[in-house]
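Colleague: Fold the following.
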Amino acid sequence: MVPYARLAALLTALIALAIATSCRSAGPPPVIDPALASCVPIGTVVLAGIDLDRLRSTSLYRSLPPATLANIETLRDASYLLLASNGKDLLFIARGAFREAPPGATLIAPNLAISGSADSVRAATTQHKTGITGAPQLLDRAAGIAGGRQIWLVAQGGITLPLTGNAANLNRILHFTEYITLAAQIDSGLQLDAAGVCRTTDAGRQLEESLRAILTFAVAGSGGPSGLTAIWNAVEIRRDDLTVHATLSTNSESAEKLLRELTR
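Modeller: Numbers count the residues shown, from 1 in each chain. Here you go, the predicted model:
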């Protein structure tokens, strides 16, 4: 029979091994920093993220118009930015090594700054104190597309945003969907992947038709000096049951043209 002391030592070793193994097998860190996520308040319907550190390292970033770069420079100490909207107010949540609060922002922790309307800042501060996000569904969906992407967006479907001009086309898309996602990978070129998840097959068909119509108008209206016709023609649209996908893969020269047009 094994002596009690030896048996106790064996059990202790096995327990220690189990604990060590469980620690090593823990999953990867969250795609979106939990501290940032904890500032996203209840009622958020649109959430977007920008990995500023990774974006700044790209050649496309350096080709942005001076006015756009000047605006981004106000966040020079920020490494990551979340934008959250309840459909009315826009909230900015930044993580970084802040020596002081960025212009117009409030520091709620040494590495967290928020800015927006008084109501949105108050809601974000209150949410942050709970330690959990107020928009878990949006964060779950964002986790599936944000990894390795410099820019991403998730929006709840069936809502109407205060948009005008060509941007109002986004409301048409939202009305067909349960939610939409968009992700941009920027390196030597630009890879855009967008998806709209619809509630019914008929809504998916209507969304596909709407996207193709919007693209046709974009091609027709881009014959001027902007030279975007080839870019719009490169957009691929396909429908997979309830999900409609739109993708664009282009080189750095075309991507620079697109970015200049979008940031005019």
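
Colleague: what is the spatially most central residue of the chain paired to in the beta sheet?
Modeller: The residue lying closest to the centre of the chain (C-alpha atoms, centre = their mean) is Trp152, at 2.8 Å. Going by DSSP bridges, Trp152 is paired in beta bridges with Gly49, Ala183.

Colleague: Now do the same contact list for it.
Modeller: Trp152 makes contact with Ala48, Gly49, Ala142, Ile145, Ala146, Thr181, Leu182, Ala183, Ala184, according to C-beta atoms under 8 Å, 6 or more residues apart in numbering. All C-beta spots, glycine's among them, are computed from the backbone N, C-alpha and C.

Colleague: ok, those vs Arg199, which is closest?
Modeller: Nearest to Arg199, judged by C-beta to C-beta, of those is Thr181 at 15.6 Å.

Colleague: right, and that closest one touches Ile173 too?
Modeller: No. The pair Thr181 / Ile173 is not scored as a contact, 11.7 Å apart, by C-beta atoms under 8 Å.

Colleague: Which parts of the stretch 1-150 of the chain are strands?
Modeller: 46-50, 78-85, 90-96, 106-109, 112-115 (DSSP state E, counting those that start in this stretch).

Colleague: Indicate which one of those strands is closest to Gly204.
Modeller: Closest approach to Gly204 among the strands of the stretch 1-150 of the chain is made by strand 46-50 (21.2 Å; C-beta to C-beta).

Colleague: The closest one - contacts with which helices or strands?
Modeller: Applying 3 or more C-beta pairs under 8 Å, 6 or more residues apart in numbering; DSSP states H and E, one finds that strand 46-50 contacts strand 78-85, helix 136-146, strand 151-156.

Colleague: tell me the angle of it relative to strand 90-96?
Modeller: 30 degrees (axes from the mean of the first three to the mean of the last three C-alpha atoms, to 10 degrees).

Colleague: For strand 46-50, report the contacting residues that lie outside it.
Modeller: Applying C-beta under 8 Å, 6+ apart, the contact partners of strand 46-50 are 32, 40, 80-85, 87, 135, 138-139, 142, 146, 150-156, 161.

Colleague: Now the buried members of those residues.
Modeller: Applying 16 or more other C-beta atoms under 10 Å to the contacts of strand 46-50, the neighbour count classes 32, 40, 80-85, 135, 138-139, 142, 146, 150-156 as buried.

Colleague: Against Leu138, how distant is Gly243?
Modeller: No Gly there; residue 243 is Thr. Separation of Thr243 from Leu138 (C-beta to C-beta, to the nearest Å) stands at 17 Å.
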